[in-house]
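*Asks:* structure, please.
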Amino acid sequence: MKSRFRNALQGRDAHIGSLRFAVGGLVGICLFMSVGWYNASQDITVHNPPDLRAGSTRAWWDVPTPNVYDFAVRMFSQINRWPTNGAEDYENNLHTYKWYITPACRETLKEDYALKRNKGELSGRERALFEIPGRGYEDWRVIPHSKDSWTVNADLQLKEYVKGTEVKTSLARWPLRIVRYDVDVNKNPWGLAIDCFTGPAREINVTPPPTGAK
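*Replies:* Below you'll find the model as predicted:
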């Protein structure tokens, strides 16, 4: 009788030990998962196409080409906006919008700034760069190279003024290289950056609409 009672107690103690081991393992797994969740990114950028009337199904990391185009034109125009004095505005823009430009491209633009400054093409100049009316987004304007890089062929008009007098105007197609750039969502919510150009800008001709055309 004593032997059976002793065996029952030993079995109970062994079962309790097994349960304690299992509980300890579960606690360890929960702690490991908690650390992983804490270290994971707190935000995730999802790019939605501009027109959602027909709905959209896509991978969360996929960037619709209209969004790439919009980013390229908007940010490149801002970088090239000199409201008062190009000698100061150009340099300030390279700092203000540094989160939207890759480091390599920023160095290229700094060299362009120094070249223009030395040639006297900045001081007192105002500049505006904007999309040519009627030359907005079309599918062919955005060429995907991978899920992380694109070329945007943007037709832009450039105007420069000195003391209110127009000194330069041009119509050109700019082949802008855009890359995924998930560096700091607080500084750059687009998750994209300008990586300069895939080739030189090319002048284009824009035929005015016929008289009376709407």
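
*Asks:* give me the beta-bridge partners of Leu158?
*Replies:* Leu129, Ser170 (DSSP bridges).

*Asks:* list the residues that contact Arg135.
*Replies:* Asp155, Val206 (CB atoms under 8 Å, 6 or more residues apart in numbering). (C-beta placed from N, C-alpha, C; glycine too.)

*Asks:* helix or strand: which one has it?
*Replies:* Assigned by DSSP states H and E, Arg135 falls within no helix or strand.

*Asks:* how near is it to Arg20?
*Replies:* Computed as CB to CB, to the nearest Å, the Arg135 to Arg20 distance reads 72 Å.

*Asks:* and Val27, by the same measure?
*Replies:* Distance, Val27 to Arg20, by CB to CB: 11 Å.

*Asks:* can you pull the pLDDT of Ser34?
*Replies:* Listed pLDDT for Ser34 reads 61.

*Asks:* ok, then the element right after the lowest-mean-pLDDT helix or strand in the chain?
*Replies:* Ranking every helix and strand in the chain by mean pLDDT, DSSP states H and E puts helix 2-39 at the bottom, with a mean of 63. Using DSSP H and E, the helix or strand that follows helix 2-39 in sequence is helix 65-79.

*Asks:* for the record, mean pLDDT for that next one?
*Replies:* 97.

*Asks:* which strands and helices lie in contact with the helix or strand just after that helix?
*Replies:* Counting by DSSP H and E, the next helix or strand C-terminal to helix 65-79 is helix 86-96. Secondary-structure packing of helix 86-96 (3 or more CB pairs under 8 Å, 6 or more residues apart in numbering; DSSP states H and E): helix 65-79, helix 103-118, strand 125-131.

*Asks:* to Val185, which of those lies closest?
*Replies:* Nearest to Val185, of all these, is helix 65-79, at 14.4 Å by CB to CB.

*Asks:* how close does the residue nearest the centre of the chain get to Gln78?
*Replies:* The centre of the chain sits closest to Leu192, judged by CA atoms, centre = their mean, with a distance of 1.3 Å. Shown here: Leu192 relative to Gln78, a distance of 14 Å by CB to CB.

*Asks:* next: Thr102.
*Replies:* Thr102 is 16 Å from Gln78, where distance means CB to CB.

*Asks:* so between the two, which is more surrounded?
*Replies:* Each of Thr102 and Gln78 has its neighbours counted (other CB atoms under 10 Å); Thr102 has more, 18 against 13.

*Asks:* and the residue nearest to Trp140 when sequence neighbours are not counted, how many neighbours?
*Replies:* In this structure, Trp140 finds its nearest non-sequential neighbour in Asn153, 7.7 Å apart by CB to CB, 6 or more residues apart in numbering. Around Asn153 there are 19 other residues, counting by other CB under 10 Å.
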